[in-house]
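Asker: Dropping the sequence and predicted coords here.
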Amino acid sequence: MDSDGTQDARGTHANPVPRPAGPPGGASVPPRPARAPRPVEQGAPQGGGSGRASLGEWLNEPRPDTRPGIWRYGYRLPKGAQAAERLSPVTVVGLLVPLVVGLFLWSLWRRGAMPYESVLLRLFTPEDWWWGGTASPKGWEGSAAILVYNGAFFLVLLYGMGRLGSWPDIARHFVGRRSQPSRALFAALGALLTLSFVFPDAFPGVGWDALPLVDAVVALVALISGGFDVFGSTVFKVGLYTVIALLVVWPFARIGGWWAYAKERLAARKAAAGPTGPAPADRPRDQWPDLREAGQYEAAEVLTAEVAGGRMNDVDCARVEHAWTLSRRDGQLARFRDTVLRQGATAWVHPSGARDLSRRTAPHDLVAGQVRIGRWVEAERAPLVYHGAGAALGPDVLGTSLLAVGPSGAGKTRHLIEPVTEALALRALAGQCAFVTVSAPGTPLAADSAFDVVVRIGDRDSVHDLDPYADSDDPDEAASFLAEALVGDLDTVGTDSAATALAQVLGPYWAAYGRFPALPALRELLESEPAALSALREALAGDGHAVMRRELDVRIRQAASPTDVGRVLADRLALLNRPVFDGFFGGGGTARPFSLRSLAEHPLRVRVDLPEHGHEEAARLITRLVLAQFCAVVRDGQRPHFACLVLDDATGTVTAGSVRRIQRLRTQNAGVVLALRTIGDVPEALHGPLYGAVGCRMAFSGVTTWDGSRFAQAWGTAWVETRDVAKHTVFADQPMTRAIHALRKLVTGKAVTTDAVTVRTVERERWSASELAHEVPPGHAVLSLTTVDGEHAPPLLVNLRG
């Protein structure tokens, strides 16, 4: 990041992404635009259009933290979920039945109907409470011990009732889940009610007897003290009663969260009492409370005026917030302030100078980082929080990678790939993301203006070319790229042996010329052309290249073997040496080579267009090459932005090596989106590993039962409650009853039966293969999500047209 707040995009072979010119020599920055750019269509209200909320109102809209996949903008808890907070019949039974049983047992104890009292008095006489075994102290006979027995029995009875009725769980569910201060208030009311039963004398007018707790503790202390007049001290009595009261209140304090709530209120009062006025947390989002809390009042005022004046859009707000996060992390608050004061809404603008897309086709919420793809269907198997809520995707779930399977025409590109690509492009403009999308042959995604780099393989008018070596200077790394791309889908050749053969050629060539060969020259070396090998060996003359000469000699000896892997590599390279690809892949054409390694350094938007029909195998080879390079260049997860690869058609792309690399992406702040027409496009041995490597799985309408069975296995089973109703014919023994039954059968035409209801809990598949194949309506899909933090969303039905 430069001092003027802009970013340069070097590292693309001297082909930086276009960027606006900075102020030369300390000159003033260009004037700010009167209005922020607006796309033709916007999914989320961002101001500037009729019927849409202003940007400030859009920023201030609540976005509660909720389950994964829920569209957070304006989300409200469904009424059904609020009604679930009421006491269910099962909870009422668990609450009242143990209480009734406990009261009945306590009444029997108090009446002496239970023989336990006489037995205890015989076993534990008052003399036994004296440590020396002598007679009991004067004035204390069996009544004190009875008080202790009553208190002990009451505590045991109370504990048993609480355990049988799950009272702690009920209290935590209906009190602990409430927000403050209602949670603390409910707990305080429960504590006061309990104290009124323990100390009724302290609450005038209650009119009920005290629970046998205080008397039991007093009697126990008196028996243990051995007759000493400890209650003659007021301090001792007050201390004892205080301890009892604290023990009674302590559980309610934990349930009500009193300590945490007290600290929160004290912190809020301290902040409000300061010279800065109201607490920053109480300010709306369009007034930039985080900046004010950190003392950046001038920058906050400038940005607030920019929002109010319509000179900022949602991309600008997301970009400034991202820059603020990085500045706080790196300790560059002064530079952040200076940049905002000089450039305002245009600070940290994308290197291309774009501040928005020309057109949006899906609703986006850049504050929450989400794109809406549909609506969750209100089905029986869906949790209440998902009923009627929007379905959305964001980096938190894309970071675990997503696999989508559906036949042609199911809507994979229209309802998934295009919205995700659009969302990634917007986040790239905000400096939060770098991505590559590989479009299917003949179907480019989005307009060219939405990308910084567009690579059209095989198109003579293409401005950019794809570097097959990803700007690498390591022969082994470059060999692994090419080996994965060339033979990754073959069962007859291993990628390790292919990478070794390639490294035996690339290493000497790099040592001799300081660069890697073009693909035609590489093919000649793999085919062991005498002229090419002789020229390379002559270039390695000298003592400094002895190791590389030995590598080349080994390759020459292996080339004479009939099972040499070099011939297979050369044959596969021939797919990229066709006349239509002349000048591409570093072949000396007019197109400027682009390296995927730039993704790790800059928030770039890249699109790779595969060649048209007739080159399907070459297109799959290129896709495997892009996937292998992407997984290698994003290994460093410390970059400040998210990296993503979107494959509109991943047929023939998934290999054993790519599955292992995809598994490691979630720890590297990166992810991939794979779209397949059928899981049969992946080798059968990789079906299980692929479903296990991705965290998000999406089955579109129209999948076959074979594809559905893989999803059913991946989603597993769940315990469900079933009700079986069996009708049994009633056979009467009495003549009158038989006559009545005969008359009833004559009138209704049915025999008299009785229903036998059996309720069972069984383990069943969340979605069976048959349900996925036949019960998913058109325009719908079944989607399961997993966040990078490990939070799961079960497989649920999504209306992609909602």
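Answerer: Received, thanks.
Asker: CA atoms for contacts and neighbours, from now on please.
Answerer: Fine.
Asker: In a strand, T754, correct?
Answerer: Yes - under DSSP: H, G, I helix; E, B strand; the rest coil, T754 falls within a strand.
Asker: give me the beta-bridge partners of it?
Answerer: Assessed by DSSP bridges, T754 has beta-bridge partners H728.
Asker: What is the neighbour count of it?
Answerer: A total of 12 residues lie near T754 under the criterion other Cα atoms under 10 Å.
Asker: And A450, how close does it get to R360?
Answerer: Between A450 and R360 the distance is 10 Å, computed by Cα to Cα, to the nearest Å.
Asker: nope, L599 is what I was after
Answerer: Between L599 and R360 the computed distance is 24 Å (Cα to Cα).
Asker: Which one of the two is surrounded by more residues?
Answerer: Neighbours per residue (other Cα under 10 Å) separate L599 from R360, with L599 holding more: 26 against 20.
Asker: Would you check that that one makes contact with F435?
Answerer: Yes - counting by Cα atoms under 8 Å, L599 does reach F435; the two are 7.0 Å apart.
Asker: Overlap in contacts, the two.
Answerer: The contact sets of L599 and F435 overlap at A643 (Cα atoms under 8 Å, 6 or more residues apart in numbering).
Asker: Between A450 and R360, which contacts overlap?
Answerer: Common contact partners of A450 and R360 (Cα under 8 Å, 6+ apart): none.
Asker: what's the burial count for Q558?
Answerer: Close neighbours of Q558, defined as other Cα under 10 Å, add up to 16.
Asker: what's downstream of the helix or strand harbouring it, the next helix or strand?
Answerer: For Q558, the element it lies in under DSSP states H and E is helix 546-559. Downstream of helix 546-559, the next assigned helix or strand under DSSP H and E is helix 565-573.
Asker: Tell me the buried residues in the helix holding Q558?
Answerer: The neighbour-count check on helix 546-559 (16 or more other Cα atoms under 10 Å) flags M548, R549, E551, L552, D553, R555, I556, Q558, A559 as buried.
Asker: for the stretch 151-300 of the chain, what spans make up the helices?
Answerer: Along the stretch 151-300 of the chain, the stretches classed as helices by DSSP state H, counting those that start in this stretch are 167-171, 182-198, 214-225, 234-256, 258-272, 289-293, 297-308.
Asker: Reformat those helices into TSV and put mean neighbour count next to each item.
Answerer: Shown next, in TSV, are the helices of the stretch 151-300 of the chain (neighbours: other Cα atoms under 10 Å):
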stretch	mean neighbour count
helix 167-171	15
helix 182-198	18
helix 214-225	18
helix 234-256	15
helix 258-272	13
helix 289-293	18
helix 297-308	19
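Asker: May I see those helices organised as TSV, with mean pLDDT added?
Answerer: Formatted as TSV, these follow (pLDDT from 0 to 100):
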stretch	mean pLDDT
helix 167-171	69
helix 182-198	80
helix 214-225	68
helix 234-256	79
helix 258-272	75
helix 289-293	88
helix 297-308	90
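Asker: Quick one, which of those helices gets closest to V608.
Answerer: In terms of Cα to Cα, the element of those nearest to V608 is helix 297-308, at 36.1 Å.
Asker: what separates L536 from L522, distance-wise?
Answerer: Distance from L536 to L522, by Cα to Cα: 11 Å.
Asker: meant to ask about H641
Answerer: Where L522 is concerned, H641 sits at a distance of 35 Å (Cα to Cα).
Asker: What of Q638?
Answerer: Counting by Cα to Cα - Q638 and L522 are separated by 35 Å.
Asker: for T737, same thing?
Answerer: Using Cα to Cα, T737 is found at 98 Å from L522.
Asker: Please say which of these two ends up with more neighbours.
Answerer: The residue with more neighbours, out of T737 and L522, is L522; 20 against 12, by other Cα under 10 Å.
Asker: Tell me what angle the helix or strand harbouring the more buried one forms with helix 546-559.
Answerer: If you go by DSSP H and E, L522 is part of helix 519-526. Angle of helix 519-526 versus helix 546-559, following axes from the mean of the first three to the mean of the last three Cα atoms, to 10 degrees, is 70 degrees.
Asker: now helix 519-526 against helix 565-573, angle please.
Answerer: Using the same axes, to 10 degrees: helix 519-526 against helix 565-573 is 160 degrees.
Asker: my guess is H641 meets C433, correct?
Answerer: Yes - the pair H641 / C433 is scored as a contact, 4.9 Å apart, by Cα under 8 Å.
Asker: Neighbour count: those two, which is higher?
Answerer: C433 (25 against 22).
Asker: shouldn't the more buried one be in contact with A643?
Answerer: Yes - between C433 and A643 there is a contact under Cα under 8 Å: 5.7 Å.
Asker: returning to what we had before: check the offset of the helix holding Q558 from the chain's centre.
Answerer: How far helix 546-559 lies from its chain's middle: 50 Å, per Cα atoms, centre = their mean, to the nearest Å.
Asker: Please name every helix or strand in contact with that helix.
Answerer: Applying 3 or more Cα pairs under 8 Å, 6 or more residues apart in numbering; DSSP states H and E, one finds that helix 546-559 contacts helix 495-513.
Asker: what's the offset of the helix it packs on from the middle of its chain?
Answerer: Relative to its chain's centre, helix 495-513 lies at 41 Å (Cα atoms, centre = their mean).
Asker: how close does the nearest residue to G162 once chain neighbours are set aside get to T242?
Answerer: Spatial nearest neighbour of G162, chain neighbours left out: P168 (7.1 Å); criterion: Cα to Cα, 6 or more residues apart in numbering. For P168, the distance to T242 equals 24 Å [Cα to Cα].
Asker: cool, and G344?
Answerer: Computed as Cα to Cα, the G344 to T242 distance reads 61 Å.
Asker: list the buried ones in the helix or strand hosting T623?
Answerer: Element membership for T623, per DSSP H and E: helix 616-633. By neighbour count with 16+ other Cα under 10 Å, helix 616-633 contains the buried residues 616, 618-633.
Asker: what are the C-alpha coordinates of that helix, in PDB please?
Answerer: The C-alpha trace of helix 616-633 is given here as PDB (Å, rounded to 0.1, in the frame of the first residue of the first chain):
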ATOM      1  CA  GLU A 616     -12.600 -30.400 -24.500                       C
ATOM      2  CA  GLU A 617      -9.600 -32.400 -23.400                       C
ATOM      3  CA  ALA A 618      -7.300 -29.300 -23.700                       C
ATOM      4  CA  ALA A 619      -9.900 -27.300 -21.700                       C
ATOM      5  CA  ARG A 620      -9.800 -29.900 -18.900                       C
ATOM      6  CA  LEU A 621      -6.000 -29.900 -18.900                       C
ATOM      7  CA  ILE A 622      -6.000 -26.100 -18.500                       C
ATOM      8  CA  THR A 623      -8.500 -26.300 -15.700                       C
ATOM      9  CA  ARG A 624      -6.400 -28.800 -13.800                       C
ATOM     10  CA  LEU A 625      -3.400 -26.500 -14.400                       C
ATOM     11  CA  VAL A 626      -5.200 -23.500 -12.900                       C
ATOM     12  CA  LEU A 627      -6.400 -25.500  -9.900                       C
ATOM     13  CA  ALA A 628      -2.900 -26.900  -9.200                       C
ATOM     14  CA  GLN A 629      -1.300 -23.400  -9.500                       C
ATOM     15  CA  PHE A 630      -4.000 -21.800  -7.300                       C
ATOM     16  CA  CYS A 631      -3.500 -24.300  -4.500                       C
ATOM     17  CA  ALA A 632       0.200 -23.700  -4.600                       C
ATOM     18  CA  VAL A 633       0.200 -19.900  -4.700                       C
END
